[in-house]
Structure formats: structure tokens, C-alpha cells
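> let me see the structure of the following:
(chains A and B)
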Protein chains: 2
Amino acid sequence: MKCYTAIALEGFPLIIEGQNIAEEIVEVAARNSIKLENGDVIAIAQKIVSKAEKRVIDLKKVIPSEKARKIGAKTAKSPRFIQLVLNESSRVLKATPGILLVEDRRGLICINAGIDKSNVEGSTNFALLPQNPDQSAEKCRQEIGRITGCDVAVIICDTYSRPFRTGQVNFSIGVSGLKPFKDYRTKKDLFGQVLKVKNVAIVDEIAAAAELLMGQANEARPVVIFKGLMEIVEPCDACRSSDLFISKQEDLFKGTL
Amino acid sequence: MKCYTAIALEGFPLIIEGQNIAEEIVEVAARNSIKLENGDVIAIAQKIVSKAEKRVIDLKKVIPSEKARKIGAKTAKSPRFIQLVLNESSRVLKATPGILLVEDRRGLICINAGIDKSNVEGSTNFALLPQNPDQSAEKCRQEIGRITGCDVAVIICDTYSRPFRTGQVNFSIGVSGLKPFKDYRTKKDLFGQVLKVKNVAIVDEIAAAAELLMGQANEARPVVIFKGLMEIVEPCDACRSSDLFISKQEDLFKGTL
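Numbers count the residues shown, from 1 in each chain, chains lettered A, B, ... in the order given. Predicted coordinates for the structure are as follows:
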């Protein structure tokens, strides 16, 4: 029978800067009587990675540029906040009242470069995305391997709005140890016909599957462990979350919004 | 401990027109020794619903209009196929070589109105989306309730490309018995701050979680049963998949592609 189980670690502590996320995961899993095993896929919410990596910034320390003031006026957002977003972005896609949509330095298209203040302590503190979420995932995976001897895969994920549909879903922003796609091109269907297009972004589907347990408010469940995905996931050491980015030229949806 | 299990029904038969999907699900679940229970969420691949509902069409029987011929020339696709897509669409968003992107009659923005021929028998046969996937989901849910006495929720899902990212993911196109969103707005985070934006499209996340087991080729696993989601999912009788559609005016991403 093909099945998998998604398990949220309960009682995960508040993470502060400098903490070792991998050690926390191993400890909390043990307290939850969950044995980490080869082939487990571990999904981690971006926020705790950002906190551990000192990626929380006090808005009061940000000095807005002239550009930030202009965009601030256009979007009705604080120029300091805009500066924070600009520091993390390679280009602004849209700046209209209430909306600042950018391509972030990593290549992610998202609102406010993924910067937000939910579950961040301090009224003027904001969490930025990890500098390099693939590296963060890789480090966490290596550390878990070192402590437990297990070869796991790690996904760092965050929740974003998407075009054409209401609401947000979780996406993968960092991966280590697994191929982001399951490629069906050249495979045959039930009637022997060769599939030509399907290349499923399973790493985003795993991120989405994890969010169901993580929640967004005060659930304190930033880590979800998947057991049983090893038959679906293909191991990959060189794969990166940037494999998920598409150039504007190649984007099928170019010119439609 | 917060967890859920996703289980694919194995040995699902090929579905032909007129078949009762709900009866098949109940029978195959029993053969798989899976007990259907109140609160189960059942994800069903669109393709078997389309087949059961006689939504498979032979391209040879389609007569292309002048418009279909023009779009066929533009996209380098068969005018008969284009006509099939036009019949199912309310507007064409993009027609360029190799790409026909439309808003389908239901409001879904997708390539080829979701029409494809993977896992459809016959070299000229194509499967259209169900006429009304919400109604299909509702019917299936009622039938499963009638046979088993269980109150389950049903999601009908299909795999689509999305803007800004490579690859496809599964989305929900029909729902019955559950609210498509988990709304965190007005809820408090770990530090008592009120969340303002988060309204997670959990029904799409469940669809994504299901695809991991379904596959796209000859896996013959079109049905996935989720156990343990009842704490996450909110029951809803009046909810529809159209709740997931956003108008172009309201789309945050308007003007960015």
C-alpha cells in the first residue's frame, strides 16, 4: 500500500538567534517519541531558520533611501519597511497602494520579499528570509546526519500568495537531499502513450502538505516530518530551490496578467 | 500529536462511462482493508470523474470553426483540438506557438481548458473537465455517505502549470463538505500580534498532498484518502471551488506578467 504520514513536532521551543535548529529537531523528535530514519523528509518553516540565522531586523535601525520614500508614498507603507524589502530584492515588479511585489535576491517572486512580522517578537522587528535557504537546508541536513546517522532530506518552506487564485499556499524555498521534481516526461500512461509535459514540482507539494499541520498563528509547530515519501522522492545532492524558478521569457503565463 | 496519513487506494479499476465512482471507492477501500470513517478527506483525480461522467470526446467528431482554425495556425495545434478547448472556455488569455491559455467555463485559468489525453484510451480521444466538479464532488460525497453512513469530505483535483515557477502542482477544482480556506485573519500569533493577511487555501494544499501518491503516468492510483485532517478542515456544505477564483481586478499580481 502506498501511503505516507506527516507528523508535526509538538512542543517546539521558541528559536532565538544562534540556536542550532538541527539539534532542536532531533531533541524534540525524541521527546515526541519519533524516531528519525533514513529517507525521512523534514519540512521546516522559514521563520525559525531566519531567527536562528540572525535574520531578524529592527525597523528602527533601517535608514530609508529616497527611492524607499517614493515607493513608501506610492504603496502607503513605511519607508523603513520598503527599504528593508529593497535591500532584499533585485527588482520591483509592482508598487501600488498596499502592494509591493518584487523579485527577491534569490529569484523568488513574492510580496515584500517574504519579509513579515508574524511570530517575531518585538513590535518593530521583522524577519527576513534566510540569506541562502538551500545552504540552510543543507546545513540542517548535514547536522541531523551527524547527530543521528540518518540520511534525511530537508525542505525549508514559506507561505505565499499566488496569481489567479485566492489565498496563500506553502512553497519550498530551500531544499537539500531531494530532487524538486518528479519528471514523467518520456514515461508511459496506462495505455502506453508517452507523456510529454508532466514534470511535477513535488517539493512544492511536500511544502503544501506540511503547511496543513504547521499552521500560521500560535500553533508552534514549525517542523513536520514525513515518513513514507522515499519511494516518491529521488535523492539529489546537487539540486537547488533555484531549479524551481522560471525566466520571464520561458514563463507560459507571460503576458496574461 | 498532530499528524495525518495519506493512503492511496491500490488496484483501482479503469473507469468507464456511467460507472459510479463512489461505489468503486468504497469497494476498493474495503479490498485495501481501509475503513472509511467520519472526517476522512477523499481526494479524487479529475480524470476518473470525467470518464465516469462521459466527458471523453473523440476529436474526429469535432468540427472546427473559423476561429479555431485561426488559433490553430497561431498555436501550431490541431483546429479540432482548439475547438474543443474553445467549447470549454469563456475567454482566451494567450494563443502563441505551442501555448493556449484560457479561462475555462468554470473560471479556472489553465492551459487547454484542462483538456488532455493522458490515461485516456483511444488515439483521438480527449478528456474534458467535469461539467461541474463541485457537483461531482457533492454527488460522490453523498453516495459514499449513503453506502457507508460516513460523513466524508471530497476534493476533485487536477495538475496544472502555474506562473513564476517551473513544473506543475495539483490544485483542487471541486470540493464538497469542507471549507477551502483556513482563515487566520484576526487570530493571534505566538506574541499576541493579530494576523492580518493569512487565509490559507488548504484545499489546494490537500490536493498537492494527494498528488504525491497519485502520480501522473501508469500508477493507477486516482484516489487518496486522508485520515487525521478533521482538526484542520472546517466542515462546510455551501462552499464551492469557485471560492478559490479571484477577479483580475483583485489579483495582487495584476500587471506583473
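
> run through the stretch 151-257 of chain A and note the low-pLDDT ranges.
Of all residues in the stretch 151-257 of chain A, none has pLDDT under 70.

> quick one, strands of it?
Using DSSP state E, counting those that start in this stretch, the strands of the stretch 151-257 of chain A run over residues A:153-162, A:165-178, A:182-183, A:199-200, A:223-227, A:235-236.

> pairing partners for the third one, with directions?
With DSSP bridges as the criterion, the sheet partners recorded for strand A:182-183 are strand A:199-200 (antiparallel).

> ok, residues contacting the strand it pairs with?
The contact list for strand A:199-200, computed with CB atoms under 8 Å, 6 or more residues apart in numbering or on different chains, reads A:181-185, B:159, B:166-170, B:211, B:216. Placement of C-beta: from N, CA and C, glycine included.

> can I get these in TSV including neighbour count and distance to residue A:153?
Shown next, in TSV, are these (neighbours: other CB atoms under 10 Å in any protein chain shown; distance: CB to CB, whole Å):
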residue	neighbour count	distance to residue A:153
A:181	22	14
A:182	22	14
A:183	15	17
A:184	23	20
A:185	13	23
B:159	27	22
B:166	19	19
B:167	22	17
B:168	23	21
B:169	26	18
B:170	29	20
B:211	27	18
B:216	24	21
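
> circling back to that earlier point, to residue B:4, which of the strands of the stretch 151-257 of chain A lies closest?
Between residue B:4 and those, the shortest separation by CB to CB is 10.0 Å, and it involves strand A:223-227.

> check whether the closest one comes into contact with chain B.
No: shown here: strand A:223-227 not in contact with chain B (CB under 8 Å from any CB of the partner chain), separated by at least 8.8 Å.

> residue numbers of the stretch 51-200 of chain A in contact with chain B?
By the rule CB under 8 Å from any CB, the part of the stretch 51-200 of chain A lying against chain B is A:93-94, A:99, A:101, A:109, A:111, A:117-121, A:159, A:161-171, A:180-182, A:184, A:187-191, A:193, A:195, A:197-200.

> what's the ChimeraX line that selects buried ones from these?
Selecting only the buried entries of those in ChimeraX, with 16 or more other CB atoms under 10 Å in any protein chain shown as the criterion:
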select /A:93,99,101,109,111,117,118,119,120,159,161,162,163,164,165,166,167,168,169,170,171,180,181,182,184,187,189,193,195,198,199,200
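
> list the buried residues in the longest helix seen in chain A.
Identified as the longest helix of chain A according to DSSP state H is helix A:133-148. Buried positions in helix A:133-148, judged by neighbour count with 16+ other CB under 10 Å: A:133-134, A:136-141, A:143-145, A:148.

> hey, C-alpha coordinates of stretch A:43-59 in CSV?
Written as CSV, here are the backbone C-alpha positions of stretch A:43-59 (Å, rounded to 0.1, in the frame of the first residue of the first chain):
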residue,chain,number,x,y,z
ALA,A,43,9.9,20.3,6.3
ILE,A,44,10.9,23.4,8.3
ALA,A,45,9.1,26.7,8.4
GLN,A,46,11.3,29.5,7.2
LYS,A,47,10.7,31.7,10.3
ILE,A,48,12.6,29.6,12.7
VAL,A,49,15.5,29.3,10.3
SER,A,50,15.6,33.1,9.9
LYS,A,51,15.5,33.6,13.7
ALA,A,52,18.4,31.1,14.2
GLU,A,53,20.4,32.8,11.5
LYS,A,54,20.0,36.3,13.0
ARG,A,55,17.8,37.4,10.1
VAL,A,56,15.5,39.5,12.4
ILE,A,57,15.9,43.2,12.0
ASP,A,58,14.6,46.1,14.0
LEU,A,59,12.9,48.6,11.6
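
> surely residue A:90 meets residue A:109?
No: using CB atoms under 8 Å, residue A:90 is not in contact with residue A:109; the gap is 10.5 Å.

> hey, what's in contact with both of those two?
Common neighbours of residue A:90 and residue A:109, using CB under 8 Å, 6+ apart, are A:102-103.

> please name the nearest non-neighbouring residue to the residue nearest to the spatial centre of chain A.
Closest residue to the average C-alpha location of chain A: residue A:157 at 2.2 Å, with CA atoms, centre = their mean. Excluding the flanking residues, the one nearest residue A:157 by CB to CB, 6 or more residues apart in numbering or on different chains is residue A:207, at 3.8 Å.

> same check on residue A:50?
Nearest non-adjacent residue to residue A:50, counting by CB to CB, 6+ apart: residue A:127, 4.4 Å away.

> phi and psi next, for that neighbour.
Torsion angles at residue A:127 (phi, psi; degrees, to the nearest 10) stand at phi -100, psi 130.
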